[in-house]
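Undergrad: What follows is a predicted protein model with its sequence.
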Amino acid sequence: MVTIKMIADSLGISTSTVSKALNDATDISAELRQSVLEKAVEMGYTTKSSRKKVNRKLAVLIKNMAYGTQKDFGYNIVLGFRQAAMNRDWNVDVVDVTKDLMLTEKYDTFLLKHGFSGAFCLGFTLRDPWMAQFQNSQMATVLLDNFVSENPRVACIGTENTEGMEYVIRHLVTLHHRRIAFFCGEQHSRVSQDRLDAFERAMMSQGLTVHRDMVLFGDYLAPEVRNLLLPAFEKKATAIVCANDIIAAHVIDECQRYGLRVPEDISVIGFDDIPLASITEPPLTTIRQNRKNIGMLALTVLSELCDRVPIALVQIRPQLIIRESTAAANEKGYTLKVPTN
């Protein structure tokens, strides 16, 4: 176990100075405090409070994800995590992470500075500065829909995308769909890439061809969806599978803007089953991932990581929810109308 004295000897300073740095004292410089924190992380130091199994303090770090209301994707994930922590009398702080924070603070020293035993990280993309730091982090960390290899301190949690996409493609095949487009979402999102890979495997398992010009990348905003959908329409896609429900909702709107009926002319399927999915017009067929269970399971995984149990990947099973946005393939084709706006 790394002690304060070992850190002090390594830096050539007194134990009292190290103690002040670790306890946020005001009578040492910010530069010295940062040096002590970085050395402590490098040597694998943990505070007494973080080693305790009672009164642990955990962080939920959120980037690029709404979670404030029940309609938001992250709401039930955070709720499940909080409830599981409450059952153990552990404290949870939810922190909105900005790019500026990631550029000015190192991940491990940020957790150590604020006394967190570990963190559950949501909404991070492959381009975020902390993603590279997760590879060598010494702090117990659970990542949602991101994976870091060969680090026993960092685990991934999510939904089994391969199984989910198998459900989707089998459902469409039973409805005689063959020309199926896929809207991935952002190219720099790990979950978008994972779902694209799962889509391609599911298509091949059903003997279907993946048409590269019907694999679309873009953000979740309506204008982006609008610009990218036309190639799929021109190729007479009979179904569009979307990497999440927000994309799917925009796709439905755009189909209708081009004069296409959903599902009579073209079927649309989402992924996630957020509250929006049940109130689109028509209601959205989608893959449900139980987000509250994800949050509760993340707490269990983080607890094990804090106790030095190495965990790599934990996944929950998906469920196909069939609503009115899918129907038998339109074999006769369809005609696009020119949008008025």
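TA: Ah, there it is.
Undergrad: drop to CA atoms for contacts and neighbour counts, all remaining ones
TA: Will do.
Undergrad: contacting residues for residue 121?
TA: 60-63, 141-144 (CA atoms under 8 Å, 6 or more residues apart in numbering).
Undergrad: among those residues, which are in strands?
TA: Counting by DSSP state E, the part of the contacts of residue 121 found in strands is 60-62, 141-144.
Undergrad: As a check, name the ranges of all helices in the stretch 201-341 of the chain.
TA: In the stretch 201-341 of the chain, the segments counted as helices under DSSP state H, counting those that start in this stretch are 222-234, 245-257, 291-306.
Undergrad: So which other helices or strands are in contact with the last one?
TA: What that stands for is helix 291-306. With contacts defined as 3 or more CA pairs under 8 Å, 6 or more residues apart in numbering; DSSP states H and E, helix 291-306 has these neighbours: helix 75-86, strand 118-122, strand 140-144, strand 154-159.
Undergrad: would JSON lines of those with mean pLDDT be doable?
TA: Converted to JSON lines, the helices and strands packed on helix 291-306 look like this (pLDDT from 0 to 100):
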{"stretch": "helix 75-86", "mean pLDDT": "93"}
{"stretch": "strand 118-122", "mean pLDDT": "97"}
{"stretch": "strand 140-144", "mean pLDDT": "97"}
{"stretch": "strand 154-159", "mean pLDDT": "96"}
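Undergrad: among the ones in strands among the contacts of residue 121, who's most crowded?
TA: Tallying neighbours with other CA atoms under 10 Å puts residue 142 at the head of those, with 31 neighbours.
Undergrad: Pull the contacting residues for that residue.
TA: By CA under 8 Å, 6+ apart, the contact set of residue 142 is 119-121, 154-157, 298, 301-302.
Undergrad: can you check residue 21 too?
TA: 28, 32-34, 36-37.
Undergrad: so where's the chain uncertain?
TA: 46-54, 219-224, 227, 340-341 (pLDDT under 70).
Undergrad: count of neighbours near the residue nearest to residue 336 when sequence neighbours are not counted?
TA: The spatially closest residue to residue 336, leaving aside those adjacent along the chain, is residue 258, at 5.6 Å (CA to CA, 6 or more residues apart in numbering). Number of residues near residue 258 (other CA under 10 Å) recorded here: 17.
Undergrad: Residue 257 too?
TA: Residue 257, neighbours per other CA under 10 Å, totals 17.
Undergrad: can you pull the contacts of it?
TA: residue 339.
Undergrad: any idea how far it is from residue 337?
TA: 8 Å (CA to CA, to the nearest Å).
Undergrad: quick one, strands of the stretch 101-250 of the chain?
TA: With strands called from DSSP state E, counting those that start in this stretch, the stretch 101-250 of the chain shows them at 118-122, 140-144, 154-159, 180-185, 215-217, 239-242.
Undergrad: Let's have the ones you listed in TSV, adding distance to residue 315.
TA: Compiled in TSV, those are given as follows (distance: least, CA to CA, whole Å):
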stretch	distance to residue 315
strand 118-122	15
strand 140-144	10
strand 154-159	5
strand 180-185	20
strand 215-217	25
strand 239-242	20
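Undergrad: Among those strands, single out whichever gets nearest to residue 230.
TA: strand 215-217 (10.4 Å; CA to CA).
Undergrad: partners of the closest one, with directions?
TA: strand 180-185 (parallel) (DSSP bridges).
Undergrad: what sits up against the partner strand?
TA: With contacts defined as CA under 8 Å, 6+ apart, strand 180-185 is touched by 192-193, 195-196, 199, 210-211, 214-220, 232, 237-244, 247.
Undergrad: between it and helix 245-257, how many degrees?
TA: 130 degrees (axes from the mean of the first three to the mean of the last three CA atoms, to 10 degrees).
Undergrad: tell me how far strand 180-185 is from the chain's mean position?
TA: 18 Å (CA atoms, centre = their mean, to the nearest Å).
Undergrad: cool, stretch 290-297 as well?
TA: 13 Å.
Undergrad: Other residues contacting that stretch?
TA: 74, 76-84, 157-158, 316, 318.
Undergrad: same question, stretch 95-112
TA: Under CA under 8 Å, 6+ apart, the answer for stretch 95-112 is 34, 37-38, 41, 46-47, 59-63, 117-119, 128-130, 133-134, 137-139.
Undergrad: Can you flag the buried ones in these?
TA: Among the contacts of stretch 95-112, those buried by neighbour count (16 or more other CA atoms under 10 Å) are 34, 37-38, 41, 46-47, 59-63, 117-119, 128-130, 134, 137-139.
Undergrad: how many neighbours does the closest residue to residue 278 other than its chain neighbours have?
TA: Nearest residue to residue 278, sequence neighbours excluded (CA to CA, 6+ apart): residue 284, at 6.1 Å. Neighbour count of residue 284, defined by other CA under 10 Å: 28.
Undergrad: wait, doesn't residue 266 sit right on residue 241?
TA: No. Applying CA atoms under 8 Å, one finds residue 266 not in contact with residue 241, separated by 10.8 Å.
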